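**Student:** Structure, please.
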Amino acid sequence: MTILVTRPEPAASELVARLRSLGKLAWAFPLIEFTPGRDLAQLPQQLTALRPGDLVFLLSQQVVHFAQPALQHSQTVWPAVADYYAIGRSTALALHTVTNLKVDYPHARETSEELVRLQRLQQVSGKRALILRGTPGRELLAETLIERGAEVQYCECYQRNEKHYDGAIEGRRWRDRGITTLVVTSGEMLKQLHALFPPIDRREWLLHCRLVVVSERLATQAAEAGWQEIDVADGADNDALLRALR
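**Tutor:** From the prediction side, this is the model:
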C-alpha cells in the first residue's frame, strides 16, 4: 500500500510522518490551502452582540487558527455566555485549548448531519446562531437551525483556495511512485482530484486506487465519479484516518 494524502497542510504532512513511522510509503499532495476570511474584521462585534444561551458553531479547526489572532488583535474574548458547538472532536479541542470553554460536538461522525442530531440543538427557537466557517459550502446546518426557529448569522473566518498543479506531470509522478491508496477529506477536493489528471490517468490508474474518505456522503460522491474500492474512516481527523489506513 502506497498512500497519497490530499488534505491541506499541516495535517497532510503530519499524517504522512505518522504513516512513515509505521513503515508505510506515503506522500503529501495538498489540494487546497487556507487564507484569512473576508468577514474576520466583523467577528469581534458579532461575538460581543451574543446574548446568554445564544449558539456559536465552529465548522473547522481553521476557524480557531484564523479567528483567535483576530480576536487577540482587537482585545476581544470568546464570550462565556454563549453555547459552543464544533463539527468534531479536533475542532472542539482546538477551541477549548485557547479558551477553556466547554464545547459540545457529535461523537459519531464529524458531519453536519450528526451535529444537528445533538439533543441540545432540538429546541433553539428564538436563539441567535453564529456559524463560523470557511468559504460557503453546505447549508444543512443553517437550514436546519432556521427550520427550528433560530436566527442564523455567518462569519467567513477563512477561505479555501485551490492549489494549482500540472495534471500530466503529477499523473506521471504518482503513477511512477506506485500510489495505490488516496486519502480525500472533502467533496471539493474529490472533484478537484478527479478533474486534475488526463483521462488516460483516470482510466488506467486513479479510479483503480483504493479511496479513503470521511463520510458516507463523500463515499457516494466517489462511487458516482467511478471509484469502486472506497472505505469510510470513522472521523475526519488524522487519528481516524490512521486507523482506516492501518
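
**Student:** Could you give the bridge partners of I131?
**Tutor:** With DSSP bridges as the criterion, I131 is bridged to F57, Y154.

**Student:** mind listing what it touches?
**Tutor:** By C-beta atoms under 8 Å, 6 or more residues apart in numbering, the residues touching I131 are 57, 59, 141-142, 152-155. Bear in mind the C-beta positions are built from the backbone N, C-alpha and C, glycine included.

**Student:** Among the residues you listed, which one lies nearest to D234?
**Tutor:** L59 (19.1 Å; C-beta to C-beta).

**Student:** Present the contacts of I131 as TSV; the columns should include pLDDT, neighbour count and distance to R133.
**Tutor:** As requested, the contacts of I131 are arranged in TSV below (pLDDT from 0 to 100; neighbours: other C-beta atoms under 10 Å; distance: C-beta to C-beta, whole Å):
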residue	pLDDT	neighbour count	distance to R133
F57	97	24	8
L59	93	22	4
L141	94	22	9
A142	95	19	9
V152	96	19	11
Q153	95	17	11
Y154	95	17	7
C155	96	21	8
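
**Student:** Give me the nearest residue to R175, chain neighbours excluded.
**Tutor:** Computed as C-beta to C-beta, 6 or more residues apart in numbering, the closest residue to R175 that is not its neighbour in sequence is W205, at 5.2 Å.

**Student:** Relative to I179, how far out is the one you found?
**Tutor:** Distance of W205 to I179, given as C-beta to C-beta, to the nearest Å: 8 Å.

**Student:** Retrieve the pLDDT associated with the nearest residue to R89 once chain neighbours are set aside.
**Tutor:** Residue nearest to R89 in three dimensions, not counting chain neighbours: Y105, with 5.9 Å by C-beta to C-beta, 6+ apart. Turning to Y105, the model gives it a pLDDT of 95.
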